[in-house]
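Enquirer: My questions concern the predicted model and sequence given below.
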Amino acid sequence: MVSDRGFSFDGEDLLISVRAVPGASNEDIAWEEDHLKVRLTAQAQDGKANKRLAKLLGKYFGVPQSAVTIVKGLTSRTKSVRIHTPGRLPDFIEG
């Protein structure tokens, strides 16, 4: 379960709250209070935005796309995502 901080660890895996913004003019990842906001150029149809989200998060956390799983919110902009054993952690995650 994702904590009220927007992320938590489950063993070696990172669970994180994500707010996806499909159809954006450019791609960007930024931490906003209690979630990771991810702007995607892909549209939210036929799973294109979710696939792009997994690819971007994989790159951001240093894991292959296959190590990123949307565990909740597959058809929603607000999602819970599991990063299997992240290779690197951004500054907003403390230890």
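Expert: Received the coordinates, thanks.

Enquirer: And the residue lying closest to residue 74 once chain neighbours are set aside, what's its pLDDT?
Expert: In space, and not counting its chain neighbours, residue 74 is closest to residue 50: 6.6 Å by C-beta to C-beta, 6 or more residues apart in numbering. Yep, even glycine has a C-beta here, placed from its N, CA and C like the rest. pLDDT for residue 50: 97.

Enquirer: can I assume residue 50 sits in a helix?
Expert: Yes - assessed with DSSP: H, G, I helix; E, B strand; the rest coil, residue 50 lies in a helix.

Enquirer: Was I right to think it contacts residue 70?
Expert: Yes - the criterion here is C-beta atoms under 8 Å, and residue 50 meets it with residue 70 at 6.0 Å.

Enquirer: Regarding this structure, what is its longest strand?
Expert: Secondary structure of the chain per DSSP state E: the longest strand is strand 13-21.

Enquirer: Could I get the buried residue list for that strand?
Expert: Judged by neighbour count (16 or more other C-beta atoms under 10 Å), strand 13-21 contains these buried residues: 14-20.
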